[in-house]
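Peer 1: The following comprises the amino acid sequence and a computationally predicted model.
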Amino acid sequence: MDGNSPVSPETLQTGLALELEQLKHDLQIAEGKIMQLELALLQSRDFAIGAAAEASELPILRARYHAMYVESERKLGDANEHIKSHLAHIARLEQALADLLKIEKTNKELRTQIEALHTSATWRIGRKVMLPIRIIKRIVK
């Protein structure tokens, strides 16, 4: 509006009403932007609080995971010792089995010699000759 030309009050009132409506609209838009900014501020504050909480939990989590790691290392060492013990036991059993097989072979050879001895003529003759003496010994006992 030009300040030099005469304006009617109705025109002035209509212009002011339009300007008032425009200002109300601009005010609503500004309030909406303020609300959005306040919401963004609250969200960023919540995020910062959450990040701070996570950061404060990190030493606790680190200590917990370190303790779990130490425990798993201990269990692994125990398991390795257990495995070594089992392997040593298996080796002892295999050695005992090998010794047993050797002894069994020796026993088989000795049984063969004993059977050969019992079937020999000398053994059979000696047994028949000694039979009366064995009977007398039994009676004496």
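Peer 2: Thanks, I have the structure now.

Peer 1: Show me the shaky parts of this protein.
Peer 2: When residues are selected by pLDDT under 70, those of the chain lie in 1-4.

Peer 1: which helix in it runs the most residues?
Peer 2: helix 9-119 (DSSP state H).

Peer 1: Pull the distance from it to the chain's centre.
Peer 2: Centroid separation for helix 9-119 versus its chain: 9 Å, with C-alpha atoms, centre = their mean, to the nearest Å.

Peer 1: What is the subsequent helix or strand relative to that helix?
Peer 2: helix 121-140 (DSSP states H and E).

Peer 1: now that following helix, how far from the centre of its chain.
Peer 2: In this view, helix 121-140 has its centroid 77 Å away from the chain centroid, taken as C-alpha atoms, centre = their mean.

Peer 1: pull the CA atoms of that helix into PDB?
Peer 2: Taking Å, rounded to 0.1, in the frame of the first residue of the first chain, the C-alpha atoms of helix 121-140 are listed here in PDB:
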ATOM      1  CA  ALA A 121      57.000-142.700  25.800                       C
ATOM      2  CA  THR A 122      59.200-141.700  28.700                       C
ATOM      3  CA  TRP A 123      56.400-139.800  30.400                       C
ATOM      4  CA  ARG A 124      53.800-142.600  30.000                       C
ATOM      5  CA  ILE A 125      56.300-145.200  31.300                       C
ATOM      6  CA  GLY A 126      57.300-143.000  34.300                       C
ATOM      7  CA  ARG A 127      53.600-142.400  35.100                       C
ATOM      8  CA  LYS A 128      52.800-146.100  35.100                       C
ATOM      9  CA  VAL A 129      55.800-146.900  37.200                       C
ATOM     10  CA  MET A 130      55.000-144.100  39.700                       C
ATOM     11  CA  LEU A 131      51.300-144.900  40.000                       C
ATOM     12  CA  PRO A 132      51.700-147.200  43.100                       C
ATOM     13  CA  ILE A 133      53.800-144.600  44.900                       C
ATOM     14  CA  ARG A 134      51.200-141.900  44.200                       C
ATOM     15  CA  ILE A 135      48.500-144.200  45.600                       C
ATOM     16  CA  ILE A 136      50.500-144.900  48.800                       C
ATOM     17  CA  LYS A 137      51.100-141.100  49.200                       C
ATOM     18  CA  ARG A 138      47.400-140.400  49.000                       C
ATOM     19  CA  ILE A 139      46.600-143.000  51.600                       C
ATOM     20  CA  VAL A 140      49.200-141.600  53.900                       C
END
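
Peer 1: Fine by me, we can end here.
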